[in-house]
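[1] based on what follows, work out the 3D shape:
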Amino acid sequence: MTDSQASTSTPAAAVGTNPVAAAPAGVRTAADVVTPEVIAQLTRGVVGSGRTANHTPFTGEKLADLPQSTPQDVATAFERARAAQPAWAATSVRARAAVLLRFHDLVIGRQSEVLDLIQLETGKARLHAHEEVQAVAVAARHYGRKAGAYLKPKRHTGVVPTLTKVTELRQPRGVIGQIAPWNYPFELSVGDALPAFVSGNAVVMKPDTETALTALWARDLLIEAGLPAEVFQVVLGDGPVVGPEVVKHADYVSFTGSTRTGREVAQGAAARLVGVSLELGGKNAMLVLKDADVEKAAAGAVRACFSSAGQLCISIERLYVHESIADDFVERFAARTKAMRLGNSLAYGADMGSLVGERQLETVSRHVAEAVEKGAKLVAGGVARPDIGPLFYEPTILDGVEAPMAVCSEETFGPVVSIYRFSDEDEVIDLANATPYGLNSSVWTKDGRRGHQVAARLRTGTVNINEGYAPAYGSVQSPMGGMKDSGLGRRHGSEGILKYTEAQTVAQQRLIPLAPSFGMDDAKYAAFMSRSLKAMKAFRLR
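    Numbers count the residues shown, from 1 in each chain. Sure thing, here's the model as predicted:
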């Protein structure tokens, strides 16, 4: 079998089993949602002298003609943002936070609009699109309520207490360059921009062209909520052309995407000595310990592995199950997986939608075909479903996966999970950690204390106990990000907003200088300071 054949073929024994969700009567179509009026409204203010287009994965048809930005257009967008940023930064934190709180209400009230766009641009099921609405609303509420506390001046003990008064200020960096991915076009675009705005920055965002309408809808709604239009610039175009230009002009870079591209972004930022945050790839593991509730774990595995058709950087691709419960677990998991309803309508009811593009379909097909050819067993799925849409692929479970199968170590980023049996807990922790990635993991057990002990030994930025990914990601007061090749920096919590600021220390010396005074010569001053240092230690000053 040639490489090209392996990349597109499906195992001969595989037969499609997943049912199709019925479309309700009167459901909206792409033509109903993406009208010329909507396109004109959303693309207002986009700096682009060329033309491009995006398409829906559901059918492959064009959704909209869009502006395409040249390198000069990107420079113009930064000029506009930079001119508008000082006035925005001069606005009080309270006023900036109020924009986020109004945006929160608008998102909830008009969610049907963005749900339609997310589905049309990504192909995901409506419930999975709603996860993005939830995540953005939570982030808007959190930073709308907590930004003042995160950003307020902080008093610190000076080098000489009472004589040295020290205040830590948080200054906005200026113009943030944000490069957002296609898989979560609402949450990973505006969701990351909200803390940048509330901390006084402007943003120049480059969303993926294929999901640009969702990001542009978010911009339109933020402007309606009170954000100055010039503070939020959007540029569109091919990643290799426009992305480096964003990095070239930004005062700080926020990137979510592949590890390979993330390294290039980091190198570009480092060359200019500007900061960068990166959320990159993952090969995330779920550990089902021998005391786990098998039924709950099987239901949770469906959510963990197949949300957004597995096109989620924190979804599970490696599933380790204790050998004493493995057969029972696999049977229940497979039954639930085979019963998942696939669908392409702009309505609730489907359990999984489409892949987003040909590249994703090719990777999924290749990984599955190669694994089966080398001896892995298909437990569920393993087939494309062109009867539903050109990029549909059934949720797939593989058993008996071994190195060097590509699916064993490479990120698939699709609805494919591999089952591995284990007997020793220490061994499975080592196996879970035996990857260059370290983004997310999941532990299932009835013993919460034991779950925490295992979690502390996993080298991932987030660990979820008795769930796949949602509790850690949704808990926005806590940091979220990756270890190892899964990235740098964190979103959410204090780290998610303070990364968009520069720390500034202002120290005021009072009464006497930090130098010989009152007739002291150098030796007497040194002796005086030595006694003072001993006294400060004795009084347990920090």
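
[2] contacts, neighbours, all on C-alpha from now
    Will do.

[3] doesn't residue 530 fall inside a helix?
    Yes: membership of residue 530 in a helix is supported by DSSP: H, G, I helix; E, B strand; the rest coil.

[4] next, count neighbours for it.
    By other Cα atoms under 10 Å, 11 other residues sit near residue 530.

[5] how far away is it from residue 523?
    Residue 530 sits 11 Å away from residue 523, going by Cα to Cα, to the nearest Å.

[6] list the buried residues of the host helix or strand of residue 84.
    Using DSSP states H and E, residue 84 maps to helix 71-90. Within helix 71-90, the residues that count as buried by 16 or more other Cα atoms under 10 Å are 71, 73-78, 80-82, 84-86, 88-89.

[7] now the strands for the stretch 401-542 of the chain?
    Remark: strands assigned in the stretch 401-542 of the chain by DSSP state E, counting those that start in this stretch are 416-422, 437-438, 440-444, 462-465, 483-484, 487-488, 501-509.

[8] residues touching residue 120, list them.
    By Cα atoms under 8 Å, 6 or more residues apart in numbering, residue 120 lies in contact with 30, 56-58, 346.

[9] secondary structure class for the residue most central in space within the chain?
    What sits nearest the mean C-alpha location of the chain, by Cα atoms, centre = their mean, is residue 188, with 5.2 Å. For residue 188, the assignment made with three-state DSSP gives coil.

[10] kindly report the same for residue 127.
    helix.

[11] number of residues surrounding the nearest residue to residue 55 once chain neighbours are set aside?
    The spatial neighbour of residue 55 that comes closest, neighbours along the chain excluded (Cα to Cα, 6 or more residues apart in numbering), is residue 62 at 4.1 Å. Residue 62: 13 surrounding residues under other Cα under 10 Å.

[12] show the backbone phi and psi for residue 62.
    phi -70, psi 140 (degrees, to the nearest 10).

[13] now do the contacts for it.
    53-56.

[14] could you do residue 425 as well?
    residue 289.

[15] what distance do you get for it to residue 457?
    11 Å.

[16] swap in residue 443?
    Taken as Cα to Cα, the span from residue 443 to residue 457 is 11 Å.

[17] pLDDT at residue 26, what is it?
    Among the per-residue scores, residue 26 holds a pLDDT of 89.

[18] what about residue 519, how many residues close to it?
    8.

[19] among the contacts of residue 62, which are in strands?
    For these, the ones inside strands are 53-55, with DSSP state E as the criterion.

[20] and of these, the nearest to residue 357?
    residue 55 (9.6 Å; Cα to Cα).

[21] that closest one touches residue 121, doesn't it?
    Yes: look at residue 55 against residue 121 with Cα atoms under 8 Å: they come within range, at 6.8 Å.

[22] so where's the stretch 201-350 of the chain uncertain?
    Along the stretch 201-350 of the chain, the model assigns pLDDT under 70 to no residue.

[23] just the strands in it please.
    202-206, 232-234, 252-256, 275-279, 284-288, 316-322.

[24] any chance you could map the helices in the stretch 201-350 of the chain?
    212-224, 239-249, 259-271, 294-306, 326-338 (DSSP state H, counting those that start in this stretch).

[25] what's the first helix or strand after the last one?
    To tie it back to what came earlier, the one meant is helix 326-338. Following helix 326-338 in sequence, per DSSP H and E, is helix 358-373.

[26] in that next one, which residues are buried?
    360-372.

[27] cool, stretch 464-478 as well?
    464-469, 472-478.

[28] what sits up against stretch 452-468?
    Residues contacting stretch 452-468 (Cα under 8 Å, 6+ apart): 286, 297, 300-301, 303-305, 315-316, 429, 432-433, 437-445, 448, 451, 469-473, 480-483.
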